[in-house]
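*Asks:* Provide a 3D model corresponding to the input given below.
(2 chains)
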Amino acid sequence: MSAVLPRPPVLPGPIEWLRANLFSNIPNALLTVVALYLIWRYLPPFVNWVFIDAIWRAPSSTACRAAAEAGACWAFIDEKHRFILFGTYPFEEHWRPGVATLLFLALYAVSAMRRFWRPWLALVWLAGLALIGILMWGGVFGLSYVENERWGGLVLTLILATFGIVFAFPLSILLALGRRSEMPVVRSFCVIYIELIRGVPLISLLFMASVVMPLFLPSGVTVDKLLRAQIALILFSAAYLAEVVRGGLQAIPRGQYEAAEALGLSFGKRTVLIILPQALKISIPPLVNTFIGLFKDTSLVVIIGLFDLLLALKTAINEPAWSGVGVEAYLFASLVYFAFCYAMSQYSQRLERDLSRGPVARALKDT
Amino acid sequence: MKRIVRLTLGIALLGAGAVHAQGTLDAVQKKGFVQCGTNVGLAGFAQPDSRGAWKGLDVDVCRAIAAAVFGDATKVRYTPTTAVQRFPALQSGEVDVLSRNTTWTITRDTSLGFNFVGVNYYDGQGFMVPKKLNVKSAKQLNGATICVQPGTTTELNLSDYFRANRMTFKPVVIEKLEETLNAYYSGRCDVFTTDVSGLVSTRGSRPNPADHVILPEVISKEPLGPVVRHGDDRWFDIVKWSLYAMIEAEEMGLTSKNIDQASASKDPAVQRFIGATGDFGKMLGVDNKWAFNIIKQVGNYGESFEANLKPLGFERGINELWTKGGIMYAPPLR
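*Replies:* As a prediction, the model looks like this:
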């Protein structure tokens, strides 16, 4: 009379796992075999090239190539890393852009932690950016003055991207709100602005800023090249971000607006307390998408002769003693860009998960 | 497109007119440095080294001007400019002088509102072929496949030359320089053509430079030199004579090494050059020791060539002094 118990679940062994995941049917099995072949064929040579046969120190690329036919010539990065990171900044003063880069990273790290999302964070940013400005320009506290034509490399990329995001984001919120506004003048201004800027490529904006604008200024007045490029970048990304934010605003159910109005909140309070937190949360993926795009778009300033990371690199491989190391150089650049962009995308995913656990999210799901 | 260009030029000229209200020399002296427009990066002419310091033949002209005006060759700020940016940068007054391997043409000298002060490098378009093809002259290139970049005068010169010599060629037109070079080195075309300086520097960067020969024919004239704006003759003079002082010094045998001893020389020409007698500096509106400072701090033209272009495999060729078979020639300093 003993009851027949169900068979205890068998934990899948490696063979079962393989069968279920890699060889479940004939196309899958074929794909697995092809993938394995490709890995076996190309991974070991790549690892060899990158690490084992690579040359880490050499006086020039010809010496490098002579020493290792089949390996990467990382000696190039070893020789040129300071130029790639800091451009034409005076060599003896390289610690200053170095510290500025670290300050940027610290600012990003602090802002990434939600427990620091307090009003004083704005002050921290202000202080941080001021400090970076003092470090880069100098001219006070015994630091020698360095004009910003000489800024370059990674730190310039970070400056362009960070200032771009910090100024374009608030501007884009205003534009998005303006585009949904019921005041005809404000609305049409925002629509015209967004459509006009989105209608032209960033390159043409940069050209306008760098080539045409100086000709319109009265004699003796020159706005420097970096500032002009920075403003062009900000205006450009603001137009794109505005549409992203507007998408978020439109996703908020009408009930939220009406409820906020019913509570007697003013327009400002309604927007800041009820609408924007929800709208921005919804738009995190496209927002980060645009931020990543902006970070990489900074490399377009090469066309106006600003020594950002990519131009510094290109200039470095231009030198005859180090020619023919393009692959290594561009791999290095992609690694740097990837590090920043991947960090942004990972962080945004975590942020989405964190926020979707909050009460706001639950309330939204119920509506 | 043409209308836009014309409009831009029109605006540019208006802008250029406005800058001259105040003399460039006064403005330069007031701000304490020469703002010099250079190439973003062209090996041998203007290129930042690993420490980020600008080096090159064009850069040395900038330094010479600073040495003449301030007695200090380091008082230069460089504005790297791209090919499209360079002229507006000069027209708008963003730079005081453009020393950026710019070809002297009548259009640029007149309607763009510029003055070319002279030539610091005589370039011209040439051909490079692999040695194994055993070609000795461009006249043997009938029917050849030629790698060339589009949209440049290079492309036009090429077809002109072949038409004039009743030859045919198959162009391989690729936008990017690196890819053009790859096409040539991988054997997709028999010939690569661009300015001789470009040929020399790309060949110099190959593992076996001797595998390629540059043919003797040079099919175009590309005199490269520093440029200033129209309408400021004093500044024009200073830039012009800063360049000529370097060439003249080479002819006189004055170098950065021996110029100190030369001060003791009784040679009246040397005495005039270093400013011990005569008032050339005053006439230019700068210090009387201007030429001495240029040679002491920057060196003469030959030294600059030796330091910047020789290591890349450049020969002096027609850029040799006129006394040695070239065409480098400075008007007399007297």
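
*Asks:* please state the offset of the helix or strand hosting B:M246 from the chain centre?
*Replies:* According to DSSP states H and E, B:M246 maps onto helix B:233-252. Computed by CA atoms, centre = their mean, to the nearest Å, the separation of helix B:233-252 from the middle of its chain amounts to 14 Å.

*Asks:* what is the helix or strand following it packed up against?
*Replies:* Once helix B:233-252 ends, the next helix or strand along the chain (criterion: DSSP H and E) is helix B:259-262. Counting contacts by 3 or more CB pairs under 8 Å, 6 or more residues apart in numbering or on different chains; DSSP states H and E, helix B:259-262 is packed against helix B:290-297. Where you see a C-beta, it was placed from the backbone N, CA and C, and this is true even at glycine.

*Asks:* show residues contacting the helix it packs on.
*Replies:* If you take CB atoms under 8 Å, 6 or more residues apart in numbering or on different chains as the criterion, helix B:290-297 is touched by B:63-64, B:67-69, B:71-73, B:242, B:245-246, B:248-249, B:254-256, B:259-260, B:263, B:273-275, B:280-281, B:284, B:287, B:333.

*Asks:* just the buried residues out of those residues, in PyMOL syntax.
*Replies:* To isolate the buried ones among the contacts of helix B:290-297 in PyMOL, judged by 16 or more other CB atoms under 10 Å in any protein chain shown, type:
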select buried, chain B and resi 63+64+67+68+69+71+73+242+245+246+248+249+254+255+256+259+273+274+275+280+281+284+287+333
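
*Asks:* show me what the helix holding B:M246 is packed against.
*Replies:* If contacts are counted by 3+ CB pairs under 8 Å, 6+ apart, helix B:233-252 sits against helix B:24-31, helix B:57-70, strand B:222-229, helix B:268-273, helix B:280-284, helix B:290-297, helix B:301-308.

*Asks:* in CSV, list the ones you listed along with mean pLDDT and distance to B:A43.
*Replies:* Output for the helices and strands packed on helix B:233-252, formatted as CSV (pLDDT from 0 to 100; distance: least, CB to CB, whole Å):
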stretch, mean pLDDT, distance to B:A43
helix B:24-31, 92, 28
helix B:57-70, 96, 10
strand B:222-229, 94, 14
helix B:268-273, 91, 32
helix B:280-284, 92, 32
helix B:290-297, 95, 23
helix B:301-308, 94, 9
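
*Asks:* deepest-packed of those, please.
*Replies:* Of all the helices and strands packed on helix B:233-252, helix B:57-70 has the most neighbours on average by mean count of other CB atoms under 10 Å in any protein chain shown, namely a mean of 28.

*Asks:* then it to CSV, C-alphas only?
*Replies:* Below are the C-alpha coordinates for helix B:57-70, written out as CSV (Å, rounded to 0.1, in the frame of the first residue of the first chain):
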residue,chain,number,x,y,z
LEU,B,57,59.8,72.7,-41.0
ASP,B,58,56.6,74.8,-40.9
VAL,B,59,56.7,75.0,-37.1
ASP,B,60,60.2,76.4,-37.3
VAL,B,61,58.9,79.3,-39.4
CYS,B,62,56.5,80.1,-36.6
ARG,B,63,59.3,79.9,-34.1
ALA,B,64,61.5,82.2,-36.2
ILE,B,65,58.8,84.8,-36.3
ALA,B,66,58.5,84.7,-32.5
ALA,B,67,62.3,84.9,-32.2
ALA,B,68,62.3,88.0,-34.4
VAL,B,69,59.4,89.7,-32.6
PHE,B,70,60.1,88.8,-29.0
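
*Asks:* which strands or helices does it pack on?
*Replies:* helix B:24-31, strand B:34-39, strand B:76-81, strand B:97-103, helix B:233-252, helix B:290-297, helix B:301-308.

*Asks:* now do B:G143, the pLDDT please.
*Replies:* pLDDT, B:G143: 90.

*Asks:* can you pull the contacts of it?
*Replies:* Contact analysis of B:G143 by CB under 8 Å, 6+ apart lists B:167-170.

*Asks:* ok, 7 Å please
*Replies:* The neighbours of B:G143, taking CB atoms under 7 Å, 6 or more residues apart in numbering or on different chains as the test, are B:168-169.

*Asks:* check contacts around residue 48.
*Replies:* Chain wasn't specified; assuming chain A. Counted by CB under 7 Å, 6+ apart, A:N48 has contacts A:A70.

*Asks:* oops, wrong one, chain B.
*Replies:* By CB under 7 Å, 6+ apart, the neighbours of B:P48 are A:83, A:88, A:315, B:54.

*Asks:* repeat that for 8 Å
*Replies:* A:83, A:87-88, A:315, B:41, B:54-55.

*Asks:* would you turn these into JSON lines with distance to A:L102?
*Replies:* Shown next, in JSON lines, are the contacts of B:P48 (distance: CB to CB, whole Å):
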{"residue": "A:F83", "distance to A:L102": "19"}
{"residue": "A:G87", "distance to A:L102": "17"}
{"residue": "A:T88", "distance to A:L102": "20"}
{"residue": "A:T315", "distance to A:L102": "24"}
{"residue": "B:G41", "distance to A:L102": "28"}
{"residue": "B:W54", "distance to A:L102": "27"}
{"residue": "B:K55", "distance to A:L102": "30"}
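
*Asks:* just give the closest residue to residue 279, not the sequence neighbours.
*Replies:* As the question left the chain open, I've gone with chain A. Closest residue to A:A279 apart from its sequence neighbours, by CB to CB, 6 or more residues apart in numbering or on different chains: A:G248 at 3.6 Å.

*Asks:* to clarify, I was referring to chain B.
*Replies:* Of all residues not flanking B:D279 in the chain, B:N288 sits nearest, at 6.6 Å (CB to CB, 6+ apart).

*Asks:* give me the secondary structure label for the one you found.
*Replies:* Three-state call for B:N288 (DSSP: H, G, I helix; E, B strand; the rest coil): coil.

*Asks:* next, it: phi, psi?
*Replies:* phi -70, psi -20 (degrees, to the nearest 10).

*Asks:* got a pLDDT number for it?
*Replies:* At B:N288, pLDDT is 93.

*Asks:* burial check on it, number of neighbours?
*Replies:* Counted by other CB atoms under 10 Å in any protein chain shown, the residues lying close to B:N288 total 17.

*Asks:* residues in contact with it?
*Replies:* B:N288 is in contact with B:275, B:278-282, counting by CB under 8 Å, 6+ apart.

*Asks:* can you tell me how far it is from A:F189?
*Replies:* Computed as CB to CB, to the nearest Å, the B:N288 to A:F189 distance reads 61 Å.

*Asks:* also A:V325?
*Replies:* 50 Å.

*Asks:* which one's more surrounded, the two?
*Replies:* Higher neighbour count among A:V325 and A:F189: A:V325, with 24 against 15, using other CB under 10 Å.

*Asks:* per-residue pLDDT of that one, please?
*Replies:* A:V325 is assigned a predicted lDDT (pLDDT) of 78.

*Asks:* A:L309 now?
*Replies:* Here, the pLDDT recorded for A:L309 equals 88.
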